[in-house]
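In: Turn this into a model:
(4 chains)
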There are 2 protein chains.
Amino acid sequence: MPAPAVPSLPPAAPDAGLRATIADVARRAGVSKATVSRFLNRRDELLTPEIARRVEAAIAELGYSPSPMAQALKRGRSRLIGLVVADVTNPFSVAVLRGAEKACQQAGYLLMLFNLGDDADRERDAIEALVAYQVEGLILNTLGRDERAVAAAARSGRPVVLVDRRHAEMQADFVSLDNAGAVRLAARHLVDAGWDELLFVSEPVAGVSSRQEREAAFRAFVADAAGIAGRSVESWAGGAEALAQALRDLRARGRRPAVLASNAVVTLRVAEAVAALGWRFGGDLGFVGIDETEWAPLVGPGLSTVAQPTDALGRLATACLLERLQGLTVPPRQILLPGQLVARRSSLGTQA
Amino acid sequence: MPAPAVPSLPPAAPDAGLRATIADVARRAGVSKATVSRFLNRRDELLTPEIARRVEAAIAELGYSPSPMAQALKRGRSRLIGLVVADVTNPFSVAVLRGAEKACQQAGYLLMLFNLGDDADRERDAIEALVAYQVEGLILNTLGRDERAVAAAARSGRPVVLVDRRHAEMQADFVSLDNAGAVRLAARHLVDAGWDELLFVSEPVAGVSSRQEREAAFRAFVADAAGIAGRSVESWAGGAEALAQALRDLRARGRRPAVLASNAVVTLRVAEAVAALGWRFGGDLGFVGIDETEWAPLVGPGLSTVAQPTDALGRLATACLLERLQGLTVPPRQILLPGQLVARRSSLGTQA
DNA sequence: TTGTATGCGTTATCAA
DNA sequence: TTGATAACGCATACAA
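Out: Below is the predicted model:
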């Protein structure tokens, strides 16, 4: 007694805000819920063509699609991935977000986003909220100031991928720019172009592995390079004025001064200071900054940068996660991608 | 027979990846699940202090927190808000995202993000995926090319807030910059500063309400202003070369030429073209762009902008949504916020 | 090959 | 004031 298909019904009648359920489909097709469920999940299995047809029709007519929430509850799998970013206004975080989001979509996952807005106190809440929502895995571009936060992630038993910021105690895949390599690339480039008094400018390094690594690499480079002087400064230690003073000091040392900015935010601060001082990039001051941005070519004579493979970082982070979700169990991996030098005129002013 | 509290148990023992459930808590406290649920949700109601104490202790010892998924299934309320952004690389989208994210967090909601990456084909999938996940409301900063997509949002019965892009057929709250006002502000500023041959540069306006409104406002301004000439051009019609040609034509018309860029992306393209032409902002060419960015002060002599109240837009969008979620039923509102002129040297070169 | 029954973790409706 | 019990929408072991 097949329920005759009702041909000319408005294709979907979800008039009210209520979605059709599997029970509605079953009723309409004149079969049991189990049959509908099987049709959905295990198509390969044995289904009478006639029944399959009816179920398919009913699904179409009702505009039915399964509730991911209910599926998650039942299966334990939510098809959700949690992403914690330190600060969405940071272009790097955004780039990672973008790469991750793309990869997730392709794999049929949805991203749950938590932005810390540079507030370390929320780090733990963020992770716990995400875990509560049954995210299957976590991509963490955290602040790194709260070790208990990542510990919470680990305890959840879900796979975790760390991006850009490492956590010593955390056994997790790690995806990042090759910080040391990038700094060497930038510094070597400056030296080759004739700049010999280098200043490394960074945001506070305490507790942030990527900043530490970059600064350490800079120190190591200076120690190795003959005839090159180098110092570091944390640009926020004393606000804009302190930075300006550091730049004046740098130039007062009398050689060919250049700045190596440890990320895009620092680049912005340095550019502001240089503008305020009335100096010219490439002439008065050599410059290379880590992080390529759309505006780098437009500031002064063009700012040289080391571009991070941001998109690849986001995609790889997601890929690592997906592999783990599919059961891969290898020891924590480290994926370090090289930066790429984009030479512009800010670093080419003083050929030796 | 109260289950004696076990005092010196490690505060939480969620060793494995399995979270404690309400049943675990009930067992541990020696009460029923219902009691635990009541303790959680209707604290005001009558609970024997002794029982309450035991439940509270059990919750603490187990590190229990309710599963939002199960709650969503039962209540229909997920504490989730869906956000669709046209393009996370667009600073405007990011700013909205940031404002919305902040407001959501404060209200105890989590954001589910879907980024279209400027791909109109995904618009509908995005909304449907979000609705499937039981988001309670939607904030849409969409592409606007697929009307069926927003229709799907409307059909879901959930409250929707449109940001920046209007959809005629859609009865929904709308939050946006006062586009006409912003354009008038910028154009008036240019004219007051002595520029009299204006070029409005925009991304393709077809199907995107905000772009249409801005362009219309520009045309209206020019029609009204005596002694001012003005044209519009879509910067992508013919790539970088076409834009450069438009700029050359503009300048060839011999008066005091200025560009009004309709958003930050256009600003970038114009700045690139100007750099390629070897012109100087403020001298050869006046300039004001809609959208304030961190780099605007650093390009050329400083680019004048009209700043959008981005953070407020994001917060207001969320606020509208939350009001609706709390039962407010007023007709669709329009919230238009004024832009703010940030005058820099790109527009101050030619005092009349 | 299909249907029945049970459970995922909650909340809500009844009784007790 | 508390405790069984039945949903919520779905997947699955088991029975038919």
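In: What residue in the stretch 101-250 of chain A comes nearest to DNA strand D?
Out: Closest residue of the stretch 101-250 of chain A to DNA strand D, C-beta to the nearest atom of the strand: residue A:134 (12.5 Å). Quick note: C-beta positions are derived from backbone N, CA and C, even for glycine.
In: wait, that residue sits on residue A:72?
Out: Yes - with contact defined as C-beta atoms under 8 Å, residue A:134 reaches residue A:72; the gap is 5.4 Å.
In: Sheet partners, orientation included, of the host helix or strand of residue A:114?
Out: Secondary structure assignment for residue A:114, by DSSP states H and E: strand A:110-115. Strand A:110-115 has its sheet partners listed here by DSSP bridges as strand A:80-85 (parallel), strand B:110-115 (antiparallel).
In: Which residues does the first one contact?
Out: Taking C-beta atoms under 8 Å, 6 or more residues apart in numbering or on different chains as the criterion, the residues outside strand A:80-85 that touch it are A:72, A:93-94, A:96-97, A:100, A:104, A:109-116, A:123, A:126-127, A:130-131, A:133-142, A:318, A:321.
In: Just the ones of the residues you listed in helices?
Out: Judged by DSSP state H, those include A:72, A:93-94, A:96-97, A:100, A:104, A:123, A:126-127, A:130-131, A:318, A:321 as members of helices.
In: any idea which helix or strand carries residue A:190?
Out: helix A:179-192.
In: Identify each buried residue in that helix, please.
Out: A:179, A:180, A:182, A:183, A:184, A:185, A:186, A:187, A:189, A:190, A:191 (16 or more other C-beta atoms under 10 Å in any protein chain shown).
In: Please list the residues outside that helix that contact it.
Out: Helix A:179-192 is contacted from outside by A:198, A:200, A:210, A:213-214, A:216-218, A:220-222, A:225, A:228, A:230, A:258, A:260, A:262, A:286, A:288-290, A:304, A:306, A:308, A:336, A:338-339, A:341, A:343, A:347, A:352, using C-beta under 8 Å, 6+ apart.
In: average pLDDT across that helix?
Out: Across helix A:179-192, the average pLDDT comes to 97.
In: ok, back up a step: taking the ones in helices among the contacts of strand A:80-85 together, which two end up most distant?
Out: Largest separation among these by C-beta to C-beta: A:72 and A:94, giving 27.9 Å.
In: returning to what we had before: tell me which of the strands paired with strand A:110-115 is the most buried.
Out: The highest average neighbour count among the strands paired with strand A:110-115, using mean count of other C-beta atoms under 10 Å in any protein chain shown, belongs to strand A:80-85 at a mean of 27.
In: Would you mind getting the angle between that one and helix A:123-132?
Out: Put simply, strand A:80-85 runs at 170 degrees to helix A:123-132, going by axes from the mean of the first three to the mean of the last three C-alpha atoms, to 10 degrees.
In: Only C-alpha atoms, please: export strand A:80-85 in PDB.
Out: These are the backbone C-alpha positions of strand A:80-85, laid out as PDB (Å, rounded to 0.1, in the frame of the first residue of the first chain):
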ATOM      1  CA  LEU A  80      32.400  20.700  14.100                       C
ATOM      2  CA  ILE A  81      35.900  22.000  14.500                       C
ATOM      3  CA  GLY A  82      36.800  24.600  17.100                       C
ATOM      4  CA  LEU A  83      39.000  27.400  16.200                       C
ATOM      5  CA  VAL A  84      40.500  29.800  18.800                       C
ATOM      6  CA  VAL A  85      42.300  32.800  17.400                       C
END
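In: chain center to that strand: distance?
Out: Here strand A:80-85 is found 10 Å from its chain centre; the criterion is C-alpha atoms, centre = their mean, to the nearest Å.
In: on that earlier part again, in ChimeraX, how would I select just the buried ones from the contacts of helix A:179-192?
Out: Applying 16+ other C-beta under 10 Å to the contacts of helix A:179-192, the buried members can be selected in ChimeraX as follows:
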select /A:198,200,210,213,214,217,218,221,222,228,230,258,260,262,286,288,289,290,304,306,308,339,341,347
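In: which intervals of chain A have sub-threshold pLDDT?
Out: A:1-17, A:44, A:237, A:349-352 (pLDDT under 70).
In: Excluding chain neighbours, give the residue nearest to the spatially most central residue of it in space.
Out: A centroid search over chain A (C-alpha atoms, centre = their mean) returns residue A:96, at 2.6 Å, as the residue closest to the centre. Leaving out its chain neighbours, the residue that sits closest to residue A:96 by C-beta to C-beta, 6 or more residues apart in numbering or on different chains is residue A:314, at 4.4 Å.
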